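[1] Output the structure for:
(2 chains)
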There are 2 protein chains.
Amino acid sequence: MSETGKAIRVALLGCGTVGTEIVRLLTEQADDLAARVGAPVELAGIAVRRANKPRPGVPAELLTTDAAALVTRDDVDVVVEVIGGIEPTRDWLLSALEAGKSVVSANKALLAEHAGDLFAAADASGADLYFEAAVAGAIPLLRPLRESLAGDRITRVMGIVNGTTNFILSAMDETGAGYAETLDEASRLGYAEADPTADVEGYDAASKAAILASIAFHTRVTAGQVHREGITAVTPADVAAARGLGRTIKLLAICERVATDDGESVAVRVHPAMIPRSHPLAGVNGAFNAVFVEADAAGQLMFYGQGAGGAPTASAVLGDLVAVARNRVVGGRGPRESAYADLPVRPIAQAATRYHISLDVADRAGVLAAVAAVFAQHEVSIAAVRQEGRSADASLVIVTHSAPDAALRSTVDKIAGLPFVHEVVSVMRVEGEEK
Amino acid sequence: MSETGKAIRVALLGCGTVGTEIVRLLTEQADDLAARVGAPVELAGIAVRRANKPRPGVPAELLTTDAAALVTRDDVDVVVEVIGGIEPTRDWLLSALEAGKSVVSANKALLAEHAGDLFAAADASGADLYFEAAVAGAIPLLRPLRESLAGDRITRVMGIVNGTTNFILSAMDETGAGYAETLDEASRLGYAEADPTADVEGYDAASKAAILASIAFHTRVTAGQVHREGITAVTPADVAAARGLGRTIKLLAICERVATDDGESVAVRVHPAMIPRSHPLAGVNGAFNAVFVEADAAGQLMFYGQGAGGAPTASAVLGDLVAVARNRVVGGRGPRESAYADLPVRPIAQAATRYHISLDVADRAGVLAAVAAVFAQHEVSIAAVRQEGRSADASLVIVTHSAPDAALRSTVDKIAGLPFVHEVVSVMRVEGEEK
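    Coordinates of the predicted model:
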């Protein structure tokens, strides 16, 4: 391939961990990138919040604090956004797209709320909008979902998409320690941010789930429509209960196509759940991410790799950059937003999942019958029960069949008030098994 | 997305298991495909070898035995090839590409030998050539390698890409049975073809390895350049030896970027190897495929799913069909052949791998010293030794550091001739560990 094309000029927004890696790779791999794109790829400018911070390896003459001016400059073809935040980033990207610049973004929070606006601006000018790095870091996931599986019918996407919570849950599983103590350790090791809220409360995973569901089901889903529970309430008792059942606890993002009487809908949720230790997702530890995809024709697929970090995220960004740059060189565009199916998004109260419930109860006859009666009253069907006497009291472990969230909550409330129930030790959703 | 575009007309070559699935999906999912492509996708004709065979669900009026005429017909936009074979399939696809028809092929043997010619024909007319289904069935793998990782530097691709051999090796590991007996069982269950040569001798995996290496390293690699060993020589003793070391045996396709004094080269090989049971590939059983990719920035990635079968293969074909049809509708082209790096392909004799060797030896002093001396003479460095006395004789298990194939072969020949060596029980490459 001859490299005769006019250079593709890139405006980079943000020069933190990821941005610095992008600058490094653009420089070190310039020849390879030029050969793959069919034209040299050059940095036109780098927008940063503070221009005078030392940035080794970053050409100082390219730095600017005026992102708004940079993104619409005539000599810019593509805007790469790794600066984060909703505003003013959204405005910058809209201006860029309106001016016909293609955009590559790693901004999950922005895409999970405003993908519609951004795609509309891209369509109006014929620009590209790519954001592989927004979900699961280096793992090629959005491109496979929206291109490789474009001829298939995806029914389910279930994955571990947040490294911080996976690190914490893996550590709790290994050590038996509590959540707060393990979070402190994760912070000390650099696996949790100073303010870990977005990770541990599930906001980050919910944004990613919204993006995955939108692509998988050709339906616009925003982060606010995702049922979200974080890991802050996971206890050592939950972890021990999971272990006793041959299971482990993971924070899962689950996007499902649900058939109902009035047609299909989409359910998207993020919550901790017990999965069997034999499940492929159970072996995904620490900062790794993995996503399990089920489609009618393809069957089960799994994608695994590093979900965050400077270099892995930069890899995903550069893959997109090569694609949009190549589209500039040879003509053509990448996929547009595909939201034609426009399925309704179901509230969690209607979502049916299986549950595990561990109780400390008095060790006497009739307890199981009474507890089972409460389940029956609420029409929650029991799949398995295990009862173990321990001198004065007993442990009762129940796994339900698939039941609506609301019915399960009422059941547990009622059971907690029974006189012979000493304690509700653990209530946790169960995933990764046949329903 | 409005569906106002002129229909994209598809010529299908082959109507066996995969072709029938493609016809079914094109019919059942016609509305979804039209929405995703931006135009209806219609079958223009189906070329088959025997027109009068009963084919339930396949419109009889579309059948023809004249593939050569079909592929260049004016009303055909895209040719989908699932008929297999080298000639005359190659001629048909060249004619189609020369006539400006885009081609989607699942033909690994053809692509592994003639990708260069086919890409040249596609370039000359501006047509697309896609072949995701040629490697690892439904698993999105070629698109991630050639697009998602286009901004990264891939260093290694290692995978299980043949379901038949994986089924046989998994079964041998479970039952301890021999190769011939297990092959019979696989045939009976439909996991092995009547003539299993292409699978069990590694030809199928070698074609896939050539395709993977070509894309990963931007270098044209053909099947003939792949070092190939099948599984027919794997013995129950090998399987038992692996098990004793916490390992399992898989037929691996390995594509590596190798740094040498005179620059970089590429090594591509297919052979059985022991891998640790803790390795992600060790858990890939039966007809599933999985491919492990290592890249400088992305780090380690794994892709997992069904490697063969009608529906999974059809899923991959239809994903490509949507892409090439969409390129017709919106303009633009998919990636061309990328062989600019043009790295030399190294012969296996120069490839360095680790080896496991199990010996039955006389149980007396000095045996280990004598064996170790032979390794030292051949400059093969020993990583670990385990010796176990068993009354009159002893078992000696050696794992080497990375050593050239040629040096290892000479070492084993020499050791086999030593008077106190009763038997060379097992010699097997070791992969999936730090070197």
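
[2] what's the closest non-adjacent residue to A:Ala134?
    Leaving out its chain neighbours, the residue that sits closest to A:Ala134 by CB to CB, 6 or more residues apart in numbering or on different chains is A:Lys108, at 4.1 Å. Backbone N, C-alpha and C define where each C-beta goes, glycine included.

[3] And the helix or strand where A:Ala186 lies, what's buried?
    Using DSSP states H and E, A:Ala186 sits within helix A:179-188. Judged by neighbour count (16 or more other CB atoms under 10 Å in any protein chain shown), helix A:179-188 contains these buried residues: A:Tyr179, A:Thr182, A:Leu183, A:Ala186.

[4] What residue in the stretch 51-200 of chain A comes nearest to chain B?
    As assessed by CB to the nearest CB, chain B sits closest to A:Gly151 within the stretch 51-200 of chain A, at 2.3 Å.

[5] can you map out the strands along the stretch 51-200 of chain A?
    A:63-64, A:78-81, A:102-105, A:129-130, A:154-160 (DSSP state E, counting those that start in this stretch).

[6] Rounded mean pLDDT for the fourth one, please.
    The one in question is strand A:129-130. Mean pLDDT, strand A:129-130: 98.

[7] what packs against it?
    Applying 3 or more CB pairs under 8 Å, 6 or more residues apart in numbering or on different chains; DSSP states H and E, one finds that strand A:129-130 contacts strand A:102-105, helix A:108-125, helix A:310-330.

[8] mind listing what that strand pairs with, with the direction of each?
    As defined by DSSP bridges, the strand partners of strand A:129-130 come to strand A:102-105 (parallel).

[9] who touches the residue lying closest to A:Ser207 once chain neighbours are set aside in this structure?
    Nearest residue to A:Ser207 in three dimensions, chain neighbours excluded: A:Ala112, at 3.7 Å (CB to CB, 6+ apart). Contacts here follow CB atoms under 8 Å, 6 or more residues apart in numbering or on different chains; on that basis A:Ala112 touches A:Ala206, A:Ser207, A:Lys208, A:Ala210, A:Ile211, A:Thr222, A:Ala223.

[10] element containing A:Arg220?
    Secondary structure assignment for A:Arg220, by DSSP H and E: no helix or strand.

[11] what's the helix or strand of chain A at the bottom of the mean pLDDT ranking packed up against?
    Ranking every helix and strand in chain A by mean pLDDT, DSSP states H and E puts strand A:382-390 at the bottom, with a mean of 84. Counting contacts by 3+ CB pairs under 8 Å, 6+ apart, strand A:382-390 packs against helix A:367-377, strand A:393-400.

[12] in its sheet, what does the shortest one sit against?
    Paired strands of strand A:393-400, with direction, are strand A:352-362 (antiparallel), strand A:382-390 (antiparallel) (DSSP bridges).

[13] now the shortest one, how far from the chain's geometric center?
    Its chain's C-alpha centre lies 34 Å from the corresponding centre of strand A:382-390 when counted by CA atoms, centre = their mean, to the nearest Å.

[14] Can I get that strand as PDB, trimmed to CA atoms?
    Written as PDB, here are the backbone C-alpha positions of strand A:382-390 (Å, rounded to 0.1, in the frame of the first residue of the first chain):
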ATOM      1  CA  ILE A 382     -38.200 -22.900  45.300                       C
ATOM      2  CA  ALA A 383     -35.600 -24.800  43.200                       C
ATOM      3  CA  ALA A 384     -33.500 -26.200  46.000                       C
ATOM      4  CA  VAL A 385     -33.200 -26.200  49.800                       C
ATOM      5  CA  ARG A 386     -30.400 -27.200  52.100                       C
ATOM      6  CA  GLN A 387     -30.900 -27.400  55.900                       C
ATOM      7  CA  GLU A 388     -28.100 -27.900  58.300                       C
ATOM      8  CA  GLY A 389     -28.500 -28.300  62.100                       C
ATOM      9  CA  ARG A 390     -25.900 -26.600  64.200                       C
END
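
[15] tell me which residues of it are tucked away?
    A:Ile382, A:Ala383.

[16] Okay, and the beta partners of the single nearest residue of chain A relative to chain B?
    Using CB to the nearest CB, the closest approach of chain A to chain B is made by A:Gly332 at 1.2 Å. Note on A:Gly332: beta-bridge partners by DSSP bridges are B:Gly332.

[17] give the contact list for it.
    B:Asn327, B:Val330, B:Gly331, B:Gly332, B:Arg333.

[18] how does chain A divide into domains?
    Chain A breaks down into these domains under automatic domain parsing: A:8-137+A:310-330, A:142-306, A:351-430.

[19] Tell me which of these sits nearest to B:Ala351.
    domain A:8-137+A:310-330 (24.1 Å; CB to CB).

[20] Now do the SS call for the nearest residue to A:Val135 once chain neighbours are set aside.
    Nearest residue to A:Val135, sequence neighbours excluded (CB to CB, 6+ apart): A:Lys208, at 4.5 Å. Using DSSP: H, G, I helix; E, B strand; the rest coil, the secondary structure recorded for A:Lys208 is helix.

[21] Next, count neighbours for A:Lys208.
    29 (other CB atoms under 10 Å in any protein chain shown).

[22] I'd guessed it sits against A:Ala106; true?
    No. Contact criterion CB atoms under 8 Å: A:Lys208 and A:Ala106 do not qualify, at 11.6 Å.

[23] just to revisit the earlier point, same list (the strands of the stretch 51-200 of chain A) but as TSV, adding mean neighbour count.
    TSV is the format used below for the strands of the stretch 51-200 of chain A (neighbours: other CB atoms under 10 Å in any protein chain shown):
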stretch	mean neighbour count
strand A:63-64	16
strand A:78-81	28
strand A:102-105	28
strand A:129-130	26
strand A:154-160	23
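
[24] Quickly note the distance from the residue nearest to A:Ser207 to A:Thr219.
    Using CB to CB, to the nearest Å, A:Ala112 is found at 14 Å from A:Thr219.

[25] do A:Ile398 as well
    35 Å.
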